[in-house]
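show me how the following folds:
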Amino acid sequence: MTFFEQQHQARQETRKLVLLFVLAVIAIVVAVNLAMALVWTFKFGSHHGFLRQYPKGFFAVNTLITLLLIVGGTLIQTFNLRDGGDAVALMAGGRIVSPSSGDLQERRLLNVVEEMALASGIACPKVYLLEREDAINAFAAGYNPNEAVVAVTRGTLNRLTRDELQGVVGHEFSHILNGDMRLNIHLIGVLFGIQMIAGFGQQLMNAGRYWGGRDDKGPPWQLVLFVAGLVLFAVGYIGIFFGRLIKSAVSRQREFLADASAVQFTRNPEGIGGALRKIGGLTDGKKIGSQINHPKAEQLSHLFLGSVRPNLLDGWFATHPPLAERLKRIYGRNMTPLDAPELAVPYAASVERMPDLPFVTAGFAGATAAPVSSPIAGGLSTPSLEFGNSSGRSPLSPQLENAVHDPVAACAVVYALLLGEAGAERDVQLSMLKKEAPQQAALATFLAESIRQLPLSARLPLVDLATPALRQLAQPERDKMLALADQLIAADSRITLAEFVVQTILTRRLAARAGRLVPIKYNRLSELNSEVAVLLSLVAHVAISTSRGDAVAARMAAFLRGAQLCPELKLAARDYCDGASLGFPQVRLALDHANQLAPLAKPQLIKALLAVADNGAELPIASADILRAICAGIEAPIPPAVAATYHAYPWQFDN
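Got it, this is the predicted structure:
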């Protein structure tokens, strides 16, 4: 199942979630009214017919209060989670892993997450550690891949090898790529709301213990409140029942898919398979397994890699499939659990990245660029890591290595990427920097020299590496950085391809609207005729060099080659946009509209763009850059042919 099919299915699951929520609310409202009727009868007795013995509006008030509790609880919890992945990680007791951490296990985790992000072409997630959890578990959370976080337990770091850790991270990246995260966060808010009744009942029971008043009718109010609270607490378990049923319905099949994706990503079943076998070993031995001790664990259970609580009912209410079944699907046969002792890892007081830090080639679907005609994978097989093939060295200077992991210095990296070579334009840019960001001006100038020494394929990944650090900035600081980047780009009153690519990716990942859900406005590609023509024309201009004598004819032929893959648009030579009529403002507008396409309509667009860029050889870096920017603009993973362009140089740390 492709990335886009998964996105479509996630939206369908959201509709199912809404239906189940409505059914749960109806069941709770009916149960509360029946319970309150019994309490009223208990207090005042029954002297009339069923309806005549209750005050006017009795059931309406009960219904209104119940709806306020459920809907209000959902809205409050959703508001509390407005920060997305960060809010969920903090809710689970996580702390952010600092890029300057002296813990070599944490450094290994950061490196693995960076590798997977570079391979998949998405923003590198923030990394959190659940320090007090000794079990093996992890989760990914966020409203959008651009603001995702990955959290792992200390037990995961202490007990898993690097290959197993890569398998776990690959599992979580599947959830990021498949659109599971937004649904999972919505589920937290919904479940909190429908379980509010049990909490309200608990409060009434507590109030009944301290209420001293009574009247001449029936039992004392102290007893009435306690009974009412007890009944509501029992009714609240309807909410808990529906909550567990919903979580079970949503999460179990997604875990099978994420396991399979982790094997695809790493091409190593022993990675995720070994991690799951060790969970089984811990479950049989110390009874720890994947159990999470945090009080909020039950609310977040559907997010985790493994079950956070022992499954008393393995059928309807289990949020995860049985370990034995998961392992059988990975290996194709029954597998025994593994012991999971803590691994001996040395601790360093500080970790400094040195220029000769050894790398191990990750392979990334091979060390050479893939043919442009390779099939689009739709995201699920985009990141592909083959570990330990050969050794290499980091293309980055130690200063760049350190800068991309520091929030302030990462801004300087962005400015350095945008600085011109020399002349009046650079002087204007440096003047802007000294005025608007004096602390970063000198560093940006220094880093620009290091960046110029990099191969072209190593420059854009700097944006990926710097993204987690930039996301640590408060939104006003991000906005200031983006505004200054726009000023640097506009210094010479023109926008180059490289500037547009950096600007597009940064804006999609760091602007205030980055984590918001984009509504679907267009269900078919045929509704975006002019926008598709603009994007196909842009790629044709980039893919065909102006220096070619037949550049005009070659660009037209490339445009028509892509148009043939969109027959319903009926694009012809007249729809081609030449250089005089094509501008980046048009491209931005086209991307905004294309981003509102239904998920299942986007693969056709990406295939058409790849066809335009296909020159029968390896994909040039300029074509890869613009395709990467377009994929960022429409919130799609980059296809393998584009990813391979950046993977000719090794990017994997060996620690």
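
what about the strands in this structure?
For the chain, the strands defined by DSSP state E cover 95-96, 126-130, 138-141, 149-153, 358-360, 391-393.

closest to residue 38 out of the ones you listed?
strand 138-141 (41.1 Å; CB to CB). C-beta here means a position set from N, CA and C on the backbone, and glycine is covered the same way.

check what contacts that closest one and list those residues.
Here strand 138-141 makes contact (CB atoms under 8 Å, 6 or more residues apart in numbering) with 84-85, 88-89, 92, 125, 148-153, 156, 168-169, 171-173, 175-176, 180-181, 184-185, 300, 303-305.

could you redo the last one with a cut-off of 7 Å?
Contacts with strand 138-141, where a contact means CB atoms under 7 Å, 6 or more residues apart in numbering, come from 85, 88-89, 148-153, 156, 168, 172, 175-176, 181, 184-185, 303-305.

what do you get for stretch 475-487?
Contacts for stretch 475-487 (CB under 7 Å, 6+ apart): 411, 414, 418, 432, 436-437, 470, 473, 503, 506-507, 510-512.

please pick the buried ones from those residues.
411, 414, 418, 432, 436, 437, 470, 473, 503, 506, 507, 510 (16 or more other CB atoms under 10 Å).

in helices, which of the contacts of stretch 475-487 fall?
Among the contacts of stretch 475-487, the ones falling in helices (DSSP state H) are 411, 414, 418, 432, 436, 470, 503, 506, 507, 510.

so what's the second one up against?
Meaning residue 414. With CB under 7 Å, 6+ apart, residue 414 has these contacts: 466, 481, 485, 506.

for the second one, grab the count of nearby residues.
Residues lying near residue 481 (other CB atoms under 10 Å) number 24.

for residue 629, same thing?
When neighbours are defined as other CB under 10 Å, residue 629 has 23 of them.

return the residues in contact with it.
500, 501, 504, 505.

show me what counts as buried in stretch 434-445.
So stretch 434-445, judged by 16+ other CB under 10 Å, has buried residues 436, 437, 440, 441, 443, 444, 445.

nope, stretch 508-527 is what I was after
Counting neighbours by 16+ other CB under 10 Å, stretch 508-527 gives 508, 509, 510, 514, 515, 522, 525, 527 as buried.

same question, stretch 150-162
Across stretch 150-162, burial judged by 16+ other CB under 10 Å covers 150, 151, 152, 153, 154, 155, 156, 157, 158, 159, 160, 162.

contacts for it, please.
Contacts of stretch 150-162 (CB under 7 Å, 6+ apart): 89, 92, 94, 105-106, 108-109, 113, 125, 127-131, 133-140, 165, 168-169, 172, 275, 278, 340, 342-343.

in a markdown table: the buried ones among the contacts of stretch 475-487, plus distance to residue 400 and pLDDT.
Shown next, in a markdown table, are the buried ones among the contacts of stretch 475-487 (distance: CB to CB, whole Å; pLDDT from 0 to 100):
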| residue | distance to residue 400 | pLDDT |
| --- | --- | --- |
| 411 | 14 | 94 |
| 414 | 12 | 95 |
| 418 | 15 | 93 |
| 432 | 22 | 93 |
| 436 | 22 | 92 |
| 437 | 18 | 91 |
| 470 | 15 | 91 |
| 473 | 19 | 90 |
| 503 | 20 | 94 |
| 506 | 17 | 93 |
| 507 | 23 | 92 |
| 510 | 20 | 90 |
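
turn these into TSV, including distance to residue 639.
As requested, those are exported to TSV (distance: CB to CB, whole Å):
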residue	distance to residue 639
411	30
414	26
418	27
432	36
436	37
437	36
470	25
473	31
503	22
506	21
507	22
510	24
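
just give me the closest of those to residue 555.
Using CB to CB, residue 503 comes nearest to residue 555 of the buried ones among the contacts of stretch 475-487, at 23.7 Å.

ok, now which ones touch the closest one?
485, 486, 489.

what is the burial count for the second one?
Think residue 486. 15.

and what of the first one?
Counted with other CB under 10 Å, residues neighbouring residue 485 total 21.

cool, residue 404 as well?
Residues lying near residue 404 (other CB under 10 Å) number 28.

kindly report the same for residue 18.
Around residue 18 there are 12 residues (other CB under 10 Å).

please shift the residue numbers so they start at 504 in all later answers.
Noted, 504 is the first residue going forward, which turns the last one into residue 521.

mean pLDDT lowest for which of the strands of the chain?
Comparing mean pLDDT across these, the lowest value falls on strand 861-863: a mean of 25.

one step back: need the contacts of stretch 978-990 in CSV with distance to residue 547, can you?
Output for those, formatted as CSV (distance: CB to CB, whole Å):
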residue, distance to residue 547
914, 69
917, 71
921, 76
935, 77
939, 73
940, 72
973, 64
976, 61
1006, 70
1009, 67
1010, 64
1013, 61
1014, 60
1015, 56
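
from the ones in helices among the contacts of stretch 978-990, pick the one nearest residue 927.
Of these, the one sitting nearest to residue 927 (CB to CB) turns out to be residue 935, at 12.9 Å.

got a list of what that closest one touches?
Contacts of residue 935 (CB under 7 Å, 6+ apart): 990, 991, 994.

and what of residue 1010?
Contacts of residue 1010 by CB under 7 Å, 6+ apart are residue 985.

how much space is there between it and residue 769?
Taking CB to CB, to the nearest Å as the measure, residue 1010 falls 31 Å from residue 769.
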